[in-house]
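Engineer: structural data only, the sequence is not supplied:
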């Protein structure tokens, strides 16, 4: 089982030290969320809470993931970086491919691209991108970006994007694509790529999704051997919980270890201490 430390909602000034500590302590990676702005008023309900309210307070930090990964790659040597999740369809494919590819080069292949189709229509509108058909555009963008990341010349003719003969450098190392989301259509999209990223979810619900993904992959003649499942779990706390998740096909956990010890108001030293205690309590340093 791999453990990724979530950077969601952290003060940006703490992140470098959290990353250094995670790298030194033996964590496997960092989970990096994505929003460009946080609008004061929304008509679109947040889909991952019962009442549609957002999980974060106003003026929470949302640093740019690719700038952040470039910086963190310079102060770490082992950690992998997974976006949880980035929204390609809220950008143009060329700028997105350039930023992602550059970060992958700087990270020396330690980048895992977690993507979603997005939920906030107002943020799409502000960014000058259509909210409608964002799933189809995401699919096409992923195909185009994978072509742009190959060495040599690229030409592409799609429904949404027409690309004349061009090249984009630097050419990054391989970038696995994991798809986020809990819906059936999200799982179908994930099954076509390299992995799935869950949201805050119980182990039972996560394992149900894994079983569905196994079926979808089998329909395409694919196995789960080269497919990665990463998710936070709301009811996993002790080694037996994580062993059950691993046995069911969950390869990675996204977590905030300090939440188990000091809670959401933890200071930076308390966060790092919680990271140490978590590994010790799970027997990960033996």
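Structural biologist: The structure has been received and is ready for your questions. Predicted, not measured: the structure shown is a model, and the values here were computed from it. Residues are numbered from 1 along each chain as shown.
Engineer: can you give me the neighbour number for the nearest residue to residue 270 once chain neighbours are set aside?
Structural biologist: Spatial nearest neighbour of residue 270, excluding adjacent residues (C-beta to C-beta, 6 or more residues apart in numbering): residue 262 at 4.1 Å. Glycine gets a C-beta too; all of them are placed from N, C-alpha and C. As a burial measure, residue 262 scores 16 neighbours (other C-beta atoms under 10 Å).
Engineer: number of nearby residues for the spatially closest residue to residue 193 that is not a sequence neighbour?
Structural biologist: In this structure, residue 193 finds its nearest non-sequential neighbour in residue 177, 4.3 Å apart by C-beta to C-beta, 6+ apart. By the other C-beta under 10 Å criterion, the neighbourhood of residue 177 contains 18 residues.
Engineer: any idea how far residue 177 is from residue 212?
Structural biologist: The gap separating residue 177 from residue 212 is 19 Å, by C-beta to C-beta, to the nearest Å.
Engineer: this protein: strands as residue ranges?
Structural biologist: 2-6, 29-32, 80-83, 111-115, 154-157, 162-166, 177-180, 195-197, 228-231, 252-255 (DSSP state E).
Engineer: need those strands in CSV with mean pLDDT and distance to residue 243, can you?
Structural biologist: Below are these laid out as CSV (pLDDT from 0 to 100; distance: least, C-beta to C-beta, whole Å):
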stretch, mean pLDDT, distance to residue 243
strand 2-6, 98, 13
strand 29-32, 98, 20
strand 80-83, 98, 22
strand 111-115, 98, 23
strand 154-157, 98, 45
strand 162-166, 98, 47
strand 177-180, 98, 22
strand 195-197, 98, 20
strand 228-231, 98, 15
strand 252-255, 98, 12
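Engineer: and the residue nearest to residue 193, bridged to which residues?
Structural biologist: Beta-bridge partners of residue 177, counted by DSSP bridges, are residue 113.
Engineer: state which helix of the chain is the longest.
Structural biologist: helix 203-219 (DSSP state H).
Engineer: what ranges of the protein fall below the confidence cut-off?
Structural biologist: For the chain, the stretches with pLDDT under 70 are 286.
Engineer: for the strands of the chain, which one sits closest to residue 46?
Structural biologist: For the strands of the chain, the distance to residue 46 is smallest for strand 177-180, at 14.5 Å, taking C-beta to C-beta.
Engineer: now for that closest one, which elements pack on it?
Structural biologist: On a contact count with 3 or more C-beta pairs under 8 Å, 6 or more residues apart in numbering; DSSP states H and E, strand 177-180 meets strand 111-115, helix 184-191, strand 195-197.
Engineer: what's in contact with that strand?
Structural biologist: 82, 84-85, 112-116, 142, 146, 186, 189-190, 193-199, 228, 230 (C-beta atoms under 8 Å, 6 or more residues apart in numbering).
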